[in-house]
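Colleague: my questions are about this predicted structure, shown below with the sequence.
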Amino acid sequence: MTPPDPHLHSWATGLLDDLTVARGRDDRLTHLELLAPRAARSAAWPAWTPPPVREAFARRGVERPWTHQVEAAEAAWAGEHLVVSTGTASGKSLAFQLPALAAADAARGERGQRGATVLYVAPTKALAHDQWASLRSLGLDVRLSTHDGDSTREERDWTRDHAEYVLTNPDMLHRSLLPGHAHWSRFLGSLQFVVVDEAHHYRGVFGAHVSQVIRRLRRVCARYGSAPTFVLASATISEPEVTAGRLTGLPVRAITDDGSPRGQVALALWEPPFASYLGENGAPVRRAATSEAADLLTDLVVAGVRTLAFVRSRRGVEQVARTTAELLAEVDDSLPGKVAAYRGGYLPEERRELEDLLRRGDLIGLAATNALELGIDISGLDAVVMVGFPGTRAALWQQLGRAGRGAQDALGVLVARDDPLDTYLVHHPESLIGQPVEASVFDPDNPYVLGPHLCAAAQELPLTAADDRLFGPTTAAVRDQLTAAGLLRRRPHGWFWTDRRPASELADIRSAGGSPVQLLESATGRVVGTVDGGRSHGTAHPGAVYLHRGETWQVNDLDLDDRVALLERGDPGWSTSAREITSVSILAEREHARWGPCRLSLGDVEVTQQVVSYLKRRHPGGEVIGEEPLDLPERTLRTVAVWWTVPDDVVEEAGLAAADVPGAAHAAEHCSIGLLPLVATCDRWDIGGVSTALHPDTGLLTVFVHDGHPGGAGFAERGYRAAADWLRATRDTIADCTCAEGCPSCVQSPKCGNQNHPLDKGGARVLLDALLAHAPGSRE
Ligand SMILES: [Zn+2]
Ligand SMILES: [Zn+2]
């Protein structure tokens, strides 16, 4: 590790010494980064701020706003579309609340009639409710209302006719407000601001859907004579103006110069030691990140350090909280009650109670999923433990931002899981620190997403050729396909939706594709939940252990004709993971680049997948204790892939024997899938891959990495654009791993369709070196 600068010795580094040196864990700390504090910069309230608004914020302790809040509010007031992209707890809400509240106030008629209106859109209902509560507590004379699935008929009527500031979510826009726009004509016609909060949540297929919902909203507003100003708020992301522009289809200005203060933050990168047992194919495995995190959380609670541990799964949250409580009991009987679990799905009262307990110090440690990011307000935490990389650098900084609000010092610890991405990151701090955070990746032009929204738009108002510009370059082609399929009908005044059912039913904006499968409790027939059609074979097959809201269920039967799976409660003591066989055929190459004799391509493919068996893994630990065959049909998926080919003579020259090629290509494929999230905002479960020593379409050694969603989600394309960086990181991960023949930290994959066999770690390195010999050298 890098020794900390003695001049920067601080509360956090002293604490880290206690966690490492004092307990013989020095070797687990792979890097310590000390991030300099930032001074506060404030500015005067804009001249147009209504005095009651200024007084309301002053009562909340805001005497003068930060500079970025004023910059954003002034731009919005002037009608400029903008995105505020600054850190956690930097006061993004005030930046949009100020102009929005001022607009409602300024435009109100003499007798209090509604003038200007504001629409606030949050990714979840809970977050919109929190925003509503925060606005209401300002005590201003503004007519606020939430509009969501919980609203009664009377509430909806009142909202439509009287509310000035409406808080909702994209699902409600898509299914209710836009299809019923005629009832909302007065509200929409006076719309001055549309606030899109937590905009970084709109990525992948969901991002593409929401971008089309926003286009439909703009189109309907134009019909009623309004052209609202869009104000977006986002975590720090790269090129926020590009992402916000893609989301809204408008030119958007980015405001990123954060004027809020920050204390010194120490970020520790942490790698758990090897476990005493061996993994698949006898590979060495590291201690589970959750077990390691429970140790750290225990030590921090004993030291009285208020700590939040972010864990990726609900089961992981329970496990960390339970293990920590057990360890604390060994120290002192009074301590176990100082730690709790937060899984999401809590009622507002329950969340408020947790916040109070933490604030008062009755609770010192809290294990939580990142659901907590939405709708909990905790200030004054001392430390954050992240159990596994949270998926993006943007999310990492956001979670870290939970510690040390205001000018306090803070500690963050990132505990690596045993996979290629986390391992790479804790050994390459330069890939985390000082790097721009990722852009949010999504593709509004995906025809599988656009099609249903064009139908919905046609039902709202007939489509005309003038809409082509609004909906993007693929509109005319998709519209023609929909017309040929009989979904739209061409008439002199445009294209019409003529079906009786609501067109918005064609698009499930939260689903990744395929018609969903309902999960039913066997004994009672009660609906427990649903699973996306595309994932049902892998997660709801007979014998699958399924986690739902922290409860463990086992699947008895999956009926694909009726789209139902039957489940019963119970934890057999193991988890399951499906094995899938995949093949790919190339439909069309869109683009390619030559890397010397090798070739890198981006294009459309058809992926054929079949779930053939599942593995049982004991938990905790994950040892494989059995495999059961399954009889499920093949599925095909048309999507986008990035692929690379290496000619035989190059393979031969590199010294790779023909017998070793399949294992080398397979190992390179696995590791590259694990590392794609380094350049694209995806999860390794959002993508898939296939490798073959001789592919029928290319006649060469070919490795494919494809999007897991119909029509693609933009991830494979990001991989193509950043291929040199991505594949170099893949090569380095393999070269640097200390295992002998491949392990979960480098080339083994938990979702391999072929039992991680054959895998040739050394061969993969040779192969990637040969491929990268002629790759462009510059870093992105
Ligand atoms: Zn390894
Ligand atoms: Zn595999």
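Modeller: Yep, that arrived. These numbers were taken from a predicted model, which means no experiment stands behind them. Ligands and ions are numbered 1, 2, ... in the order given.
Colleague: residue contacts, the residue in the stretch 551-700 of the chain positioned nearest to ligand 1?
Modeller: With CB to the ion as the measure, C671 is the residue of the stretch 551-700 of the chain nearest to ligand 1, at 9.1 Å. Just so you know, the C-beta spots here come from the backbone N, C-alpha and C atoms, and that holds for glycine as well. Counting by CB atoms under 8 Å, 6 or more residues apart in numbering, C671 makes contact with 420, 730, 733-734, 746-747, 764.
Colleague: in the stretch 201-350 of the chain, which residue sits closest to ligand 2?
Modeller: Closest point on the stretch 201-350 of the chain to ligand 2, by CB to the ion, is E280, at 11.5 Å.
Colleague: show the pLDDT at that residue.
Modeller: Predicted confidence (pLDDT) for E280: 78.
Colleague: make sure D499 is indeed in a strand.
Modeller: No - judged by DSSP: H, G, I helix; E, B strand; the rest coil, D499 forms no part of a strand; its state is coil.
Colleague: for it, which non-adjacent residue is closest in space?
Modeller: Leaving aside its sequence neighbours, D499 sits nearest to L487 (CB to CB, 6 or more residues apart in numbering; 7.2 Å).
Colleague: coming back round to it: list, out of the contacts of C671, those positioned next to ligand 1.
Modeller: Residues of these in contact with ligand 1 (CB under 5 Å from the ion): C746.
Colleague: how near is the residue lying closest to P677 once chain neighbours are set aside to ligand 2?
Modeller: In space, P677 comes closest to L421 once its chain neighbours are excluded; the distance is 5.8 Å by CB to CB, 6+ apart. Distance of L421 to ligand 2, given as CB to the ion, to the nearest Å: 16 Å.
Colleague: for Y165, same thing?
Modeller: 52 Å.
Colleague: what residues are up against that residue?
Modeller: With CB under 8 Å, 6+ apart, Y165 has these contacts: 100-101, 104, 117-118, 120, 135, 142-145.
Colleague: please repeat the previous calculation with a cut-off of 7 Å.
Modeller: Applying CB atoms under 7 Å, 6 or more residues apart in numbering, we find Y165 in contact with 100, 104, 118, 120, 135, 142-144.
Colleague: looking at the residues you listed, which are in strands?
Modeller: 118, 120, 144 (DSSP state E).
Colleague: in a markdown table, list those along with neighbour count, distance to ligand 1 and pLDDT.
Modeller: Converted to a markdown table, those look like this (neighbours: other CB atoms under 10 Å; distance: CB to the ion, whole Å; pLDDT from 0 to 100):
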| residue | neighbour count | distance to ligand 1 | pLDDT |
| --- | --- | --- | --- |
| V118 | 28 | 53 | 97 |
| Y120 | 27 | 48 | 98 |
| L144 | 21 | 55 | 96 |
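Colleague: SS state for C743?
Modeller: Per three-state DSSP, C743 ends up coil.
Colleague: tell me the contacts of it?
Modeller: By CB under 7 Å, 6+ apart, C743 lies in contact with 279, 283-285, 737.
Colleague: how close does the residue of the stretch 551-700 of the chain closest to ligand 1 sit to V426?
Modeller: Separation of C671 from V426 (CB to CB, to the nearest Å): 16 Å.
Colleague: circling back to that earlier point, could I get the ones in strands among the contacts of Y165 in JSON lines, plus columns for distance to ligand 2?
Modeller: Formatted as JSON lines, those follow (distance: CB to the ion, whole Å):
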{"residue": "V118", "distance to ligand 2": "51"}
{"residue": "Y120", "distance to ligand 2": "45"}
{"residue": "L144", "distance to ligand 2": "53"}
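Colleague: pretty sure the residue of the stretch 551-700 of the chain closest to ligand 1 sits in a helix.
Modeller: Yes - counting by three-state DSSP, C671 is located in a helix.
Colleague: mind checking how far stretch 282-299 is from the chain centre?
Modeller: The chain centre lies 24 Å from the centre of stretch 282-299; the measure is CA atoms, centre = their mean, to the nearest Å.
Colleague: also stretch 739-748?
Modeller: For stretch 739-748, the distance to the chain centre is 27 Å (CA atoms, centre = their mean).
Colleague: what's the span of it, first residue to last?
Modeller: 11 Å (CA to CA, to the nearest Å).
Colleague: for it, buried residues please.
Modeller: 739, 741-748 (16 or more other CB atoms under 10 Å).
Colleague: what number of residues lie near whichever residue of the stretch 201-350 of the chain sits closest to ligand 1?
Modeller: Per CB to the ion, A283 is where the stretch 201-350 of the chain lies closest to ligand 1, at 7.3 Å. A283 has 20 neighbouring residues, counting by other CB atoms under 10 Å.
Colleague: that one contacts T738, correct?
Modeller: No - counting by CB atoms under 7 Å, A283 does not reach T738; the two are 11.9 Å apart.
Colleague: for the stretch 351-500 of the chain, which spans come out with low pLDDT?
Modeller: Applying pLDDT under 70 to the stretch 351-500 of the chain picks out residues 371-380, 405-406, 436, 438-439.
Colleague: quick one: the helices in it?
Modeller: Using DSSP state H, counting those that start in this stretch, the helices of the stretch 351-500 of the chain run over residues 393-400, 420-427, 447-460, 467-471, 475-484.
Colleague: returning to what we had before: so the residue of the stretch 201-350 of the chain closest to ligand 2 versus C752, what's the distance?
Modeller: When CB to CB is applied, the distance between E280 and C752 equals 9 Å.
Colleague: do the same with R563
Modeller: Distance from R563 to C752, by CB to CB: 28 Å.
Colleague: which of the two has more residues huddled nearby?
Modeller: C752 (21 against 16).
Colleague: phi, psi for the more buried one please.
Modeller: When read as degrees, to the nearest 10, the backbone of C752 gives phi -60, psi 140.
Colleague: just give the closest residue to it, not the sequence neighbours.
Modeller: H670 (6.7 Å).
Colleague: got it, and I673?
Modeller: Closest to I673 by CB to CB, 6+ apart is G689, at 4.9 Å.
Colleague: which SS class is that neighbour?
Modeller: G689 - assigned by three-state DSSP - is strand.
Colleague: still on that earlier bit, report the contact partners of the residue of the stretch 201-350 of the chain closest to ligand 1.
Modeller: Counting by CB under 7 Å, 6+ apart, A283 has contacts 739, 742-744, 748.
Colleague: ligand 2: which of the residues you listed is nearest?
Modeller: Q748 (8.7 Å).
Colleague: and the closest one, how close does it get to P758?
Modeller: Taken as CB to CB, the span from Q748 to P758 is 12 Å.
Colleague: can you show me the strands along the stretch 251-400 of the chain?
Modeller: Assigned by DSSP state E, counting those that start in this stretch, the stretch 251-400 of the chain shows strands spanning 253-255, 265-270, 274-278, 284-286, 307-311, 339-342, 365-368, 383-387.
Colleague: what ranges does the stretch 1-150 of the chain have for its strands?
Modeller: Using DSSP E, counting those that start in this stretch, strands in the stretch 1-150 of the chain cover 29-35, 82-85, 117-121, 144-146.
Colleague: quick check: which of those is buried the most?
Modeller: Stretch with highest mean neighbour count among the strands of the stretch 1-150 of the chain: strand 82-85 (a mean of 28; mean count of other CB atoms under 10 Å).
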